[in-house]
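> need a structure here:
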Amino acid sequence: MKRRNFVGVSMLGMIGILLPSFTMIPSQYDFSKDDLIGKSDPLLFGDDYKLRKEAHEAFLKMKAEALKSGFKIKVVSSYRNYAHQNRIWERKYKKFTKEGLSSIKAIRKIVEYSTIPGTSRHHWGTDIDIVDGNAPQPRGLLLAKNFENNGPFCRFKEWMDENAHKFDFFLVYTDKKNRKGFKYEPWHYSYAPLSIPMLKAYQKLDIKTELLKTKLIGSDYLSTDFIRQYITENILDINPELL
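This is a model prediction of the structure:
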């Protein structure tokens, strides 16, 4: 790729009018712009995972309760900063284009499961990808089939369906009929008391300006329609419990 500068103002201006208005965020929450786009250095807790303090404490309670039922919650992914997300983006973009996909088709394939850097919920320290560490570990851990029917994480998913909300964790990308955006992720949970105000704060940012500062591989091939779809579907078409 020779052209790497992000799309111009005319293309990204759509974002500002696409983001709806929300009520004021409670005063106890004070998230910086860098917090929301993964460019800060937040105080995080955990050993083989990283979460904000409140989410970490709730997670430990949920983990202890799950263990009573024979499930050992294993965190596959938690906090990811901007640089980490950008490495994922570039790796997938190069892989898909090398396989013969056009740039826009590669981008559309990426956003079936992965976010544009700076727009990931994993930037917030509130979201986790989890499996049952006590079950057999298939080669591809984060596949929907592993959480269904006779999959190794089926019983764990059933336990999470019944209990996760008691600890304020909710599935983000559900299998609800007609939901758009990212595909169903039965492993991705979010701590609502923090992620809800963070999403509201995120939508108040001048995203257009932030994206104009970014040099993102493949971004010259994004269209206004793609940006519109990504905002309305990938970012906002999630579990209503998290809005």
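> Could you pull out the helices in the chain for me?
9-18, 33-37, 53-68, 82-98, 103-110, 154-163, 192-202, 207-212, 224-229 (DSSP state H).
> nearest to residue 135, of these?
helix 154-163 (6.6 Å; Cβ to Cβ). All C-beta atoms are positioned from the backbone trio N, CA, C, and that covers glycine.
> got the contact list for the closest one?
For helix 154-163, contacts defined as Cβ atoms under 8 Å, 6 or more residues apart in numbering pick out 62, 65-66, 69, 71, 131-132, 135, 146-148, 169, 171, 186, 189.
> now the angle from it to helix 53-68?
120 degrees (axes from the mean of the first three to the mean of the last three Cα atoms, to 10 degrees).
> Let me have the helices of the chain in TSV, adding mean pLDDT and mean neighbour count as columns.
Converted to TSV, the helices of the chain look like this (pLDDT from 0 to 100; neighbours: other Cβ atoms under 10 Å):
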stretch	mean pLDDT	mean neighbour count
helix 9-18	40	15
helix 33-37	95	19
helix 53-68	98	16
helix 82-98	97	16
helix 103-110	94	18
helix 154-163	98	17
helix 192-202	97	20
helix 207-212	64	18
helix 224-229	77	15
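> if you average pLDDT over stretch 128-139, what comes out?
Averaging pLDDT along stretch 128-139 yields 97.
> Now for the residue nearest to residue 189 when sequence neighbours are not counted: which residues touch it?
Sequence neighbours aside, residue 169 is the residue nearest to residue 189 in space, at 4.4 Å (criterion: Cβ to Cβ, 6 or more residues apart in numbering). The neighbours of residue 169, taking Cβ under 8 Å, 6+ apart as the test, are 58, 59, 62, 128, 160, 189, 190, 191, 192.
> Would you mind giving me the confidence score for residue 169?
98.
> Now rank the contacts of helix 154-163 by neighbours and give me the top one.
residue 189 (27 neighbours; other Cβ atoms under 10 Å).
> Quick check: beta-bridge partners of that residue?
Bridge pairing for residue 189 (DSSP bridges) gives the partners residue 128, residue 171.
> Contact partners for the residue positioned nearest the centre of the chain?
Centroid-nearest residue in the chain: residue 121, 3.7 Å away (criterion: Cα atoms, centre = their mean). Contacts for residue 121 (Cβ under 8 Å, 6+ apart) come out as 115, 127, 172, 190, 195, 199.
> Throw the helices of the chain into TSV and include distance to residue 182, thanks.
TSV is the format used below for these (distance: least, Cβ to Cβ, whole Å):
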stretch	distance to residue 182
helix 9-18	17
helix 33-37	18
helix 53-68	20
helix 82-98	14
helix 103-110	11
helix 154-163	18
helix 192-202	14
helix 207-212	18
helix 224-229	12
